[in-house]
Structure formats: C-alpha cells, structure tokens
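[1] starting from these lines, generate the structure:
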Amino acid sequence: MQILFDDIGSYPPPAGLSRDWVEETIENDWNRFAVLLQEVMRQKIGAGLDVPTYPQFQDMNHQFLRVINDPLKVDEPYLVSEKDAKIVEVYAIEPFAREYREKHGVRMPLRLCVTGPLELYLKEFGATEYVDIYQVLARSIDRFIRRTMRGVRFSEVKVVSIDEPSLGISPQVMFDEDSVIDALSIAAESARSQKIDVEIHLHSPLHYRLACQTDNINVIGVESAASPSYLDLIDKNILEETDSFLRTGIARTDIFTLTAVLNEKYDTNVWKEPSRMKEVVTEMETPDVIEKRLLRAYNVFGERIRYAGPDCGLGAWPTQEMAVVLI
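    The predicted model follows:
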C-alpha cells in the first residue's frame, strides 16, 4: 500500500500579517481571505503533498465554537444547525480546487481537519462530566463534516482528521473510556459511512487503544518525529487485530525547541536573524533525516503506515517560505 504524504493544517500567515488580522479578515474581507487561503493551497500542492489539509489560520477551538455558540446557528444548545455547519476555509479554496480539476482532470484531494468533541468540551466546561453535552458537541462535529463533504464541488475529501490533543495528556478529562469511544464514533459517523479514512490526531499515544476500539476511526496519528519513543507505545498486533493504521510524524514541527538549539549554538536569538533561523530546514530537518525516520517506522509497522508528514501544524513557524520547505 502506498504511503500518502499530508500535513496537519495550520500555516504561518503571510509576512507582515498577524493572526488577529486573519480573524478580522474572515469577518470583514472575505475575498481577501479566500485569496490568502488559495495561495497557501497552491504552496502545499506545489510541495508535493498527496492529501493537503485546508489552511488553518483560526484558533482550533474558536473556529468551531464561534458557530456553535451563536444562538442563531444552532437547533438546540451546542448542536449546530445543518445549514450553518460550514468549514468556511474549505469553501474559500474552491476556486483553486476548480483550477486543479481543470488541470488534472480530477477533483483536488483534501484532508479535512476538525477539532474533536473532547477538546471543545474542555474549552467550554473544563474538568466536568456532562456526558449529554459531550455527545451533542460530537453531533455538531459530525454535522460540520457532513455539510462540508456535501457542499464542495471541486475538492474531494479523502481523509477526515479529528484533533484531540488533550486525550492522554490533560488531567481535566473526567469521562470514562466508553464515553470517549461513543463521542468519537458519533463525530466520525458521516465520514466513515462514505468509506473515508478517519484519523485521530493525538499529541500523546497513551490512549491510542481507545481509537482502535472506535469503529468509525481507522487511523491513529502519532507525533513521532520529535518523540520517536511514542512509536514504542504502539503495538502492531493491536493495529492488525482492529484493522487500524498509522499516520506517523516524520518531520519535527516544535519550532521553539529547534530554534533553542540554534540560540545556544550561536549564543543569540535566531528569531532576529533569519539567515541562521533557516538552518532548521537546511541543517536540522533535512530530507535525509526525515527519510530515515520514515524508514525506521516502516521497518516496524510496514503497511500499517498509511499517512506520513510533519508532526503537527506549522502555524507558529516564522515564515511561509520555511514551512513549505519542511513539507
């Protein structure tokens, strides 16, 4: 089976623009926002990604909660209405996707990233245990996925990724395993009904078996470039028994840790010296280093690896130029 290369989604804004500017542009200048996203998709496709994620500039929680918390856009508290369950970024890149189809004769492959119901719940309620609200949030995420898959014409969603970075890390998680499995199953229902791969993106694989036990999830995302030992926690036999696959991180994205090495090397702040900052992708995260990580993972898991790419998002990276070199 071919390993497909993807990215997690977030990306640096253009030079001179802040994330606050991006938020304001979404509200006040849709056309400019759309052009910005289309340019990023052009960069991702040009870099050779098989399944690029739509560009994410918004905060991952705010992106969905800003709709879910709008009383005019819900059928009941925390249940987004079908007509308003839009991931606006995906619609913004449709003109570029149309160009792609005209050039290649097929719809543009797309990785659809959504914030998981647990992450949204923790943002809203912290260390509490309201199972009914947790499941309603999961239904909302399923609606965002379903509405987006049905609404786009020129993109083809190939994989849906549910982002749950707190699972296995946050002490605020109060839900038992069955509740987590149920919520993930609800959130992924529409995607799996269309035979689309559904990945859970984890920052720690400590509870990866929960995902393996979730019928509607078949890919486990592991940030194994920065933390190679994470792969030691994964049992290939469990993957085979549950017909689950891996999305393995093969390029480090922890930019602050990487630049700290350069700060120590040069006894300076490389964030103020772009020429030295570029060593992250010219001397540290090189194609040779990245290839060796992939080979090490493949030697252990073989065809259980379905996707590979950067560990996490690149939103904190200093420039788009460095980000595109990494991917």
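[2] check what pLDDT the closest residue to residue 236 other than its chain neighbours gets.
    In this structure, residue 236 finds its nearest non-sequential neighbour in residue 301, 5.6 Å apart by C-beta to C-beta, 6 or more residues apart in numbering. Bear in mind the C-beta positions are built from the backbone N, C-alpha and C, glycine included. On the pLDDT scale, residue 301 is placed at 98.
[3] name the element residue 301 belongs to?
    helix 287-301 (DSSP states H and E).
[4] what's next to that helix, contact-wise?
    3, 224-225, 228, 231, 234, 236, 239, 246, 248, 250-251, 305, 308 (C-beta atoms under 8 Å, 6 or more residues apart in numbering).
[5] again with stretch 164-183
    Where contact means C-beta under 8 Å, 6+ apart, the residues beyond stretch 164-183 that reach it are 116-119, 122, 126-129, 131, 134-135, 137-138, 184, 200-208, 210, 213-214.
[6] over to stretch 143-156?
    With C-beta under 8 Å, 6+ apart, stretch 143-156 has contacts from 64, 79-83, 85-87, 90-91, 93-94, 97-98, 100-101, 106-110, 112, 114, 157, 160, 187-188, 190-191, 194, 196.
[7] list buried residues within these.
    The neighbour count (16 or more other C-beta atoms under 10 Å) marks 64, 79-81, 85-87, 90-91, 93-94, 97, 100-101, 107-110, 112, 114, 157, 160, 187-188, 190-191, 196 as buried among those.
[8] in strands, which of those residues appear?
    79-80, 108-110, 112, 114, 157, 160 (DSSP state E).
[9] redo those residues as a markdown table? Include distance to residue 9 and pLDDT.
    Output for these, formatted as a markdown table (distance: C-beta to C-beta, whole Å; pLDDT from 0 to 100):
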| residue | distance to residue 9 | pLDDT |
| --- | --- | --- |
| 79 | 25 | 99 |
| 80 | 20 | 99 |
| 108 | 15 | 98 |
| 109 | 14 | 98 |
| 110 | 11 | 98 |
| 112 | 9 | 98 |
| 114 | 10 | 98 |
| 157 | 13 | 98 |
| 160 | 12 | 98 |
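[10] now, among those residues, which is nearest to residue 58?
    Checking those against residue 58 with C-beta to C-beta, the nearest one is residue 114 at 12.2 Å.
[11] report the beta-bridge partners for the closest one.
    Beta bridges link residue 114 to residue 162 when assigned by DSSP bridges.
[12] measure it to residue 49 for me?
    Between residue 114 and residue 49 the computed distance is 19 Å (C-beta to C-beta, to the nearest Å).
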